[in-house]
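Peer 1: My questions concern the predicted model and sequence given below.
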Amino acid sequence: MNDVLYSVDDAVATVVLNRPEAMNSLTVRMKVDLLEALTRASQAHDVRAVLLTGSGRAFCAGQDLNEHAAALEAGRGLDDTVRTHYNPIIRTITEMGKPVVAAVNGVAAGAGASLAFACDLRIAADRAKFAMAFTGIGLAPDSGASWTLQRLVGPARAAELLLLGEPLGAARALELGIVSAVVPADELDVAARALAVRLAQGPTSAYAATKRALEAAASSSLADALALEADLQDACAKTADHLNATRAFLGKQRPVFEGR
């Protein structure tokens, strides 16, 4: 059985973490497969949005601790998995010029929660839980959680979540702005897919520019942000989607975006 499933339909690449018997915890093989699937989605011309979810009752429980313990006992420590595997996965998600939606179907813990935080939008089942479990096993956050979480909830709340590691239910995650919607568990697949399809039918270049502007603005001056916005608008203004949407607006018609 493949540990990561990949399929494309309606211009949406669906990537499924598929080790339900281990709550989709991440082994080396699974991390390699996940990076390959995300890279494939990022580069595929027929893909305009990505949906990331887990099979079974968990989204992702984070690092597979059995594999990690074996590496510790063998004297290999973390075996450089943060640099080799986690960092490229997070950068592929965040730097992808396409929107990425996380459908959080259950527990998202440690690096699993970080995966969800790195996505552009998150929709959760009502049974979902987030747990920043790093300090519970004597580790600091990785997979971008120290960067993404404080941008979602603010530095004070991020410090509380990361230091204490208390599980966070879906309703509280919605209150804090970690997820954009919570739906009954049996409605998650339909709701998340509808959101991904909506994005896949949108102005792909404008979405890519929006992601780039947000990422740059998070660590730049207002002057630099204004300059980048001007450059990105110039590029968007040259797209067929912008031209056609403007004509549709003036003609009181619904725009059709072709992603070019």
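Peer 2: Nice, I can see it. Numbers count the residues shown, from 1 in each chain.

Peer 1: what residues go with each domain of this protein?
Peer 2: Structurally, the chain divides into domains by the TED database as follows: 4-201, 204-251.

Peer 1: what would these look like in JSON lines with mean neighbour count, distance to residue 260 and mean pLDDT?
Peer 2: Placement of C-beta: from N, CA and C, glycine included. Formatted as JSON lines, the entries for the domains of the chain read as follows, by neighbours: other Cβ atoms under 10 Å; distance: least, Cβ to Cβ, whole Å; pLDDT from 0 to 100:
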{"stretch": "domain 4-201", "mean neighbour count": "19", "distance to residue 260": "10", "mean pLDDT": "95"}
{"stretch": "domain 204-251", "mean neighbour count": "14", "distance to residue 260": "5", "mean pLDDT": "94"}
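
Peer 1: CSV for those domains, including distance to residue 259?
Peer 2: Written out in CSV, the entries for the domains of the chain read as follows (distance: least, Cβ to Cβ, whole Å):
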stretch, distance to residue 259
domain 4-201, 5
domain 204-251, 4
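
Peer 1: Specify the stretch among those that is closest to residue 258.
Peer 2: The minimum distance between residue 258 and the domains of the chain falls on domain 204-251, with 6.3 Å, by Cβ to Cβ.

Peer 1: re the thing from before, which of the domains of the chain sits closest to residue 257?
Peer 2: For residue 257, the closest of the domains of the chain is domain 204-251, at 4.7 Å, according to Cβ to Cβ.

Peer 1: got the end-to-end distance for the closest one?
Peer 2: Between the start and the finish of domain 204-251 there is a gap of 22 Å, counting by Cα to Cα, to the nearest Å.

Peer 1: swap in stretch 124-134?
Peer 2: Using Cα to Cα, the gap from the first to the last residue of stretch 124-134 comes to 22 Å.

Peer 1: gap between it and the chain center?
Peer 2: The chain centre lies 14 Å from the centre of stretch 124-134; the measure is Cα atoms, centre = their mean, to the nearest Å.

Peer 1: neighbouring contacts of that stretch?
Peer 2: With contact meaning Cβ atoms under 8 Å, 6 or more residues apart in numbering, stretch 124-134 is reached by 57, 59, 62, 104-110, 113, 116, 140-142, 145, 149, 161-162, 165-171, 173-174, 178-179, 181-185, 188.
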